[in-house]
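J.: Got a predicted model here, sequence first, then my questions.
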Amino acid sequence: MIDGRVADLIENLALPFDPALLRIWLLGPGDLCSVCPMRLECPDQTRCLHLELSIGTTARLDGPFRRFPIGAREVGRVALERQPIVASRELPTLGLADPAWLTTHSVASFAALPMVHEESLVGVLALFARRSLGDTDLRSLAAAARLLALVLTPSRTTSPPMPSVPMERTLAEVQRRAIEETLERTRGRVSGPRGAAAILGLKPTTLHSRMKKLGVRRIAQSRA
């Protein structure tokens, strides 16, 4: 189970992506094989992905997606191939979630990234976002996945102490990097349809507040 303190920090990290739902599966033993709805998609019933965190529209850890066989569907394929998957079209056909749920919560895109530490798979991070995810978003998510792999390796989850580098500072650095890269992309523009706030899915006032909190310097807006 993921520590509540870490869960709170992950939730804060996800805010810029306008998440409908963020979920984390960690690698574990095959334990619910007899009742798993994806049993026929599991190659050997020895290992699978265990749903350990759900933030957003639901915090429930049960249901048909609480286990993913390695290689099954998009989430399982990320674990097998250790390559990120991003989708923004035909989401209902991918078997990621109930189609009605996707429509109800205006899900516009999906991203799943492997969490790997020292060449070992730790789990998979998946994000259902209400907006399109660009290259800057994916770089930030990849950085977050690497960080979480470090924090959530089995040797670390069995003991309460956090890493020697404070988690708050490290996650803040990921958020700061995402904002700075977005501001560079918009040439310093914060507001408007092409501004950093719109790209990050935030209100301009919220972005200004977060910039101040994280120490992000305002980039001089280009007139070009």
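T.: Structure's in. What do you need?
J.: Any idea how far apart the tips of stretch 38-53 sit?
T.: Distance across stretch 38-53, first residue to last, is 20 Å (C-alpha to C-alpha, to the nearest Å).
J.: next one: that stretch to chain centre, how far?
T.: 20 Å (C-alpha atoms, centre = their mean, to the nearest Å).
J.: Go through it and list whatever outside residues touch any part of it.
T.: By C-beta atoms under 8 Å, 6 or more residues apart in numbering, the surrounding residues in contact with stretch 38-53 are 1-2, 7, 10, 22-31, 33, 36, 61, 64-73, 75-76, 79, 123-124. C-beta coordinates here come from the backbone N, C-alpha and C atoms, glycine included.
J.: Out of those residues, list just those in helices.
T.: Residues from the contacts of stretch 38-53 lying in helices, with DSSP state H as the criterion: 7, 10, 73, 75, 76, 79.
J.: tell me, how many neighbours does residue 178 end up with?
T.: Neighbours of residue 178 under the rule other C-beta atoms under 10 Å: 25.
J.: Pretty sure it sits against residue 14.
T.: No - counting by C-beta atoms under 8 Å, residue 14 is not a contact partner of residue 178; they are 11.1 Å apart.
J.: export the helix or strand containing residue 143 as CSV, just CAs?
T.: In the assignment (DSSP states H and E), residue 143 maps to helix 135-151. C-alpha atoms of helix 135-151 as CSV (Å, rounded to 0.1, in the frame of the first residue of the first chain):
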residue,chain,number,x,y,z
ASP,A,135,5.5,16.8,-25.4
THR,A,136,6.2,19.0,-22.3
ASP,A,137,3.5,17.1,-20.3
LEU,A,138,5.0,13.8,-21.3
ARG,A,139,8.5,14.8,-20.3
SER,A,140,7.2,15.9,-16.9
LEU,A,141,5.3,12.7,-16.5
ALA,A,142,8.3,10.6,-17.4
ALA,A,143,10.3,12.5,-14.7
ALA,A,144,7.6,11.8,-12.2
ALA,A,145,7.5,8.1,-13.1
ARG,A,146,11.3,7.9,-12.6
LEU,A,147,11.0,9.6,-9.2
LEU,A,148,8.1,7.4,-8.1
ALA,A,149,10.0,4.3,-9.1
LEU,A,150,12.8,5.4,-6.8
VAL,A,151,10.4,6.1,-3.9
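J.: Show me which positions of that helix end up buried.
T.: Going by neighbour count (16 or more other C-beta atoms under 10 Å), the buried part of helix 135-151 is 136-137, 140-145, 147-151.
J.: helices or strands next to it in the packing?
T.: When contacts are defined as 3 or more C-beta pairs under 8 Å, 6 or more residues apart in numbering; DSSP states H and E, helix 135-151 sits against helix 4-14, strand 109-117, strand 120-129, helix 167-185.
J.: Which elements pack onto the shortest one?
T.: Which is strand 109-117. helix 73-81, strand 85-87, strand 120-129, helix 135-151.
J.: Following element in sequence after the shortest one, please.
T.: Okay, so that is strand 85-87. Proceeding C-terminally, strand 85-87 gives way to helix 99-104 as the next helix or strand, assigned by DSSP H and E.
J.: tell me the average confidence for that following helix?
T.: Predicted confidence along helix 99-104 averages 90 (mean pLDDT).
J.: send the alpha carbons of that helix over as CSV?
T.: In CSV, the C-alpha atoms belonging to helix 99-104 read as follows (Å, rounded to 0.1, in the frame of the first residue of the first chain):
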residue,chain,number,x,y,z
PRO,A,99,-16.8,4.1,-22.2
ALA,A,100,-19.6,5.8,-20.3
TRP,A,101,-17.1,6.8,-17.6
LEU,A,102,-14.8,8.3,-20.2
THR,A,103,-17.6,10.4,-21.6
THR,A,104,-19.1,11.5,-18.3
